[in-house]
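A.B. asks: can you look at this prediction? I've put the sequence above it.
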Amino acid sequence: MWWGNDARHKATLDVINQYQAKYPNVTIQGEYGGFDGYKQKLITQLSGGTAPDIMQVDQPWIYDLSAQGDMFVNLYKDKSIDLSAFDKEFLKSACTVNGQLLGLPSGINSIGLIYNADFFKQFNVPTDKAMDWDTLLQLGTAIHQKDSGKYLFNINTGDVELIFRNYIEQLTGNELIKSDGTLGFTQDQLNETLTFIKKLFDNGVIQPFTQSATFESDVTQNPKWAGGDLGAIFNWPSLVSGTQAAVKFHVGFTNSPVLKNAKSQVVQVRPSMLITINKASKNVTVASQFVNWMFNDTQAIDTISDQRGVPATTTGRTQLLNENKLNPDINKVVNSTLNKPSVVETQYSGNSEIVKILQDTIQQLAYNKTTPVAASGSLINQIKQKVTELKGAAN
Amino acid sequence: MKIKSSARKEYIGLLYISPWIIGFLAFQLYPFVASFIYSFSSYSLLKAPRFIGLQNYIRMFKSDPLFIKSLLVTVNYVFLSVPAKIIFALFVAMLLNMKIRGVGVFRTVYYLPSIFGGSVAISILWKGLFMHTGVVNKFLGLFFIRPIDWLGDPKYSLTTISMLTVWQFGSSMILFLAGLKQIPNELYEAAKVDGSSKIHSFFKITLPMLSPIVFFNLVMQLINAFQDFTGAFVVTNGGPMNSTYVFGMLLYTNAFNYFKMGYASALSWILFIIILAFTAMIFRSSSYWTFYENEGDF
């Protein structure tokens, strides 16, 4: 079972048919749909015992799900799966919980700027390598001063939260909340991060939320974006092709800014999604053989192409590059960040309730209802309280 | 022979309503009781429910700031939208009660919005109307009024969302229309002869005669408004700054985003009690302002 758009559905169904043609004794039935409501459907199926043998799972979910029970096959122990083409560090940091490999990453995403090429050219915003956050702030301020109708970012609360996480993780070198529940930052570091975020709003680097909040659910719907008045979206590159299809200007992708003199050059890198095998499945061996084939076979790699992101296997990336099937911008960014250390969410830092607390704080800053100093104190208290609550509920 | 046949009639009667009984037991009574039991437990769907006593209820009041916020937002929403909806429904019903050509078409057109409900299509419509460069602001611009952020500014967002439900006044309007048609014309004629103005007639004849329908609409719309969810969900998703975070959203988020079924069940029972309390108040007060033609006892 997987989610995606029509292109991905077709590619996956093709791959299934190819495998069935090759191994006529195997029948695979695909279940697919959109992302909206997928998690609810998956959890309902898991609790009802009707979940499929192979499940596509969003990486942040494995923490919550594995805390509730043993539902995924440990792929380290699965003999049918050849892991040699995967980056070992990436597997360990992003796809394992308690030493068990819960799923295979079907793509790598590293966060960056999805930008309007004309806008960036007009205002001389560099795209050859990663800027630092201060330069970005200065550029954004200057752009808005030059033309009060233009803003560097086309961004919603969730994306500002991503900026927040990138900035603070670069500052501290730690996860936001460590796996034992302690905070990965000090109040001063939090204050510095929130002050930076507040400046983005105050200096006009971000369009006032009162105007853009209408497009919270989909920033590409903002007419200012299509009209060329907004410079860049801060998000995962999986949005690039869909975004490009809807606008007239060329959409490029470049690295996320990195903090100057950062404790660690950390940029958020994560699997685009994980392919997992249901532990309760009656066909584990057959399922893992198919999964292995899907990731390692030349024909399969070719068919799926980049529909699930830049392949996480070196063989996959090389093959698609040779066939010119990878977006060169995205590939460049992924390669430049792959060998750097990355910070991956723990079950606390990725928890939905914690995310809501962060987003509410960001909104308060955006609407001028609080100051960075006040917000940092309150945020720390709220996070601590929520972590205690989550720990209690887990017992 | 007589006894046998009446028992048989009973049995056949039961058979006829058995689909409804089964539906009621499975989809209404069972969830009703189950949610009460779950409200005293911690239940994430993937693990069996774990009994935790009153903790959910305590947490609601002690450590969930969104609970209080959401309650306030919802009460505001109800007191904004329900009177507005009823007044609009009555106003339009009176207009549609006039004998003008093509009134049938108008009746259909004014009823249509109620069929739309809350959907992504409606949310796009509402956004298109109320966004910064939307239709409403462009219209205001004709009168040199600066654009207002109807959806993005926490001051206005709840009012704008309330407008969505007020716009869907169709069912209340139909009931008022039916009620208006039942008011005997002689009353108005007699009043006119006695020198009553149109406004006087409205307050002394129309309203009292319609009061049972006002009562019905008030109760039904109140119950619905407290549970309203789709408008806030598809248009503003509870924002900005939780200014449209109605109770339905709090419930939905806790149940389906955080998978805290026990807590969500507790929330739903609190909502039930609140709606019950308001409904009881309306019922008790009704004897003072509701007038029934046949003076039945109620």
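C.D. replies: Alright, I've got the coordinates. Just so you know, these numbers come straight off a predicted model, no measurement behind them.

A.B. asks: distance between the ends of stretch A:143-152?
C.D. replies: 7 Å (CA to CA, to the nearest Å).

A.B. asks: helices of the stretch 1-150 of chain B, start to end?
C.D. replies: Here the stretch 1-150 of chain B has its helices, by DSSP state H, counting those that start in this stretch, at B:2-24, B:30-38, B:55-63, B:65-96, B:103-111, B:113-116, B:120-130, B:135-141.

A.B. asks: could you list the residues in contact with stretch B:36-52?
C.D. replies: Outside of stretch B:36-52, the residues within contact range by CB atoms under 8 Å, 6 or more residues apart in numbering or on different chains are A:43-44, A:46-47, A:65, A:68-69, A:71, A:393, B:53-57, B:259-263, B:265-266, B:268-269. In short, each C-beta sits where N, CA and C put it, glycine included.

A.B. asks: buried subset of those residues as a ChimeraX selection?
C.D. replies: Applying 16 or more other CB atoms under 10 Å in any protein chain shown to these leaves a buried subset, and the ChimeraX line that selects it is:
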select /A:43,46,47,65,68,71,393 /B:55,56,57,259,260,261,262,263,265,266,268,269
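
A.B. asks: list the backbone torsions phi and psi for the closest residue to residue A:38 other than its chain neighbours.
C.D. replies: Distances taken as CB to CB, 6 or more residues apart in numbering or on different chains put residue A:3 closest to residue A:38, at 4.6 Å, once the chain neighbours are dropped. When read as degrees, to the nearest 10, the backbone of residue A:3 gives phi -120, psi 160.

A.B. asks: about what we covered before: out of the contacts of stretch B:36-52, list just those in strands.
C.D. replies: Judged by DSSP state E, strands contain none of those.

A.B. asks: which ones among the contacts of stretch B:36-52 lie within helices?
C.D. replies: Those of those mapping onto helices are A:43-44, A:46-47, A:65, A:393, B:55-57, B:261-263, B:265-266, B:268-269, per DSSP state H.

A.B. asks: nearest to residue A:209, out of the residues you listed: which one, please.
C.D. replies: residue B:263 (29.3 Å; CB to CB).

A.B. asks: gap between that closest one and residue A:65?
C.D. replies: Distance from residue B:263 to residue A:65, counting by CB to CB, to the nearest Å: 19 Å.

A.B. asks: same deal with residue A:110?
C.D. replies: Distance from residue A:110 to residue A:65, by CB to CB: 24 Å.

A.B. asks: which SS state does the closest residue to chain A within the stretch 51-200 of chain B fall under?
C.D. replies: Closest to chain A within the stretch 51-200 of chain B is residue B:152: 3.6 Å, counting by CB to the nearest CB. The assignment at residue B:152 comes out as coil when based on DSSP: H, G, I helix; E, B strand; the rest coil.

A.B. asks: which element, helix or strand, includes the nearest residue to residue A:365 once chain neighbours are set aside?
C.D. replies: Nearest residue to residue A:365 in three dimensions, chain neighbours excluded: residue A:198, at 5.1 Å (CB to CB, 6+ apart). Secondary structure assignment for residue A:198, by DSSP states H and E: helix A:187-202.

A.B. asks: residues in contact with that helix?
C.D. replies: Helix A:187-202 is touched from outside by A:133, A:137, A:140, A:153, A:160, A:163-164, A:167-168, A:171-172, A:185, A:205-206, A:208-209, A:361-362, A:365-366, A:371-373, A:375-377, A:379-380, with contacts defined as CB under 8 Å, 6+ apart.

A.B. asks: average pLDDT for stretch B:223-241?
C.D. replies: If you average the pLDDT over stretch B:223-241, you get 90.

A.B. asks: cool, and stretch B:250-260?
C.D. replies: Stretch B:250-260 comes out at a mean pLDDT of 89.

A.B. asks: and the next helix or strand after the helix holding residue A:198, C-alpha only, in CSV?
C.D. replies: For helix A:187-202, the following helix or strand on the C-terminal side (DSSP H and E) is helix A:209-212. What follows is helix A:209-212 as a C-alpha-only set of coordinates in CSV (Å, rounded to 0.1, in the frame of the first residue of the first chain):
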residue,chain,number,x,y,z
PHE,A,209,0.8,36.1,8.1
THR,A,210,-2.4,38.1,8.2
GLN,A,211,-2.2,38.1,4.4
SER,A,212,-0.7,34.7,3.7
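
A.B. asks: could you say what helices and strands helix A:209-212 packs with?
C.D. replies: Packing partners of helix A:209-212 (3 or more CB pairs under 8 Å, 6 or more residues apart in numbering or on different chains; DSSP states H and E): none among the helices and strands.

A.B. asks: starting at the chain centroid, how far to that helix?
C.D. replies: 24 Å (CA atoms, centre = their mean, to the nearest Å).

A.B. asks: what sits closest to residue A:60 if chain neighbours are left out?
C.D. replies: Residue A:60's closest residue in space is residue A:350 (CB to CB, 6+ apart), at 4.2 Å.

A.B. asks: report how many residues lie close to the one you found.
C.D. replies: Neighbours of residue A:350 under the rule other CB atoms under 10 Å in any protein chain shown: 21.

A.B. asks: ok, residue A:144 next?
C.D. replies: 18.

A.B. asks: then residue B:139?
C.D. replies: Around residue B:139 there are 11 residues (other CB under 10 Å).

A.B. asks: rewinding a little: give me the element the residue nearest to residue A:60 is part of.
C.D. replies: Assessed by DSSP H and E, residue A:350 sits outside every helix and strand.

A.B. asks: from residue B:257, how far off is it?
C.D. replies: Applying CB to CB to residue A:350 and residue B:257 gives a distance of 13 Å.

A.B. asks: got it, and residue B:24?
C.D. replies: For residue B:24, the distance to residue B:257 - CB to CB - is 30 Å.

A.B. asks: residue A:385: how many residues sit nearby?
C.D. replies: 12.

A.B. asks: quick one: residues contacting it.
C.D. replies: Per CB under 8 Å, 6+ apart, neighbours of residue A:385: residue B:63.

A.B. asks: where does it land on pLDDT?
C.D. replies: Reported pLDDT for residue A:385: 91.

A.B. asks: to which secondary structure element is the residue lying closest to residue A:367 once chain neighbours are set aside assigned?
C.D. replies: Nearest residue to residue A:367, sequence neighbours excluded (CB to CB, 6+ apart): residue B:241, at 5.8 Å. Per DSSP H and E, residue B:241 falls between elements, in no helix or strand.

A.B. asks: show me the contacts for residue B:241.
C.D. replies: Listed by CB under 8 Å, 6+ apart, the contact partners of residue B:241 are A:360, A:363, A:364, A:367, A:369, B:154.

A.B. asks: out of these, who's nearest residue A:88?
C.D. replies: residue A:360 (38.2 Å).

A.B. asks: now for the residue nearest to that closest one when sequence neighbours are not counted, how many residues are close by?
C.D. replies: With sequence-adjacent residues excluded and distances taken as CB to CB, 6+ apart, residue A:360 is closest to residue B:242, at 6.8 Å. By the criterion of other CB under 10 Å, residue B:242 has 22 neighbours.
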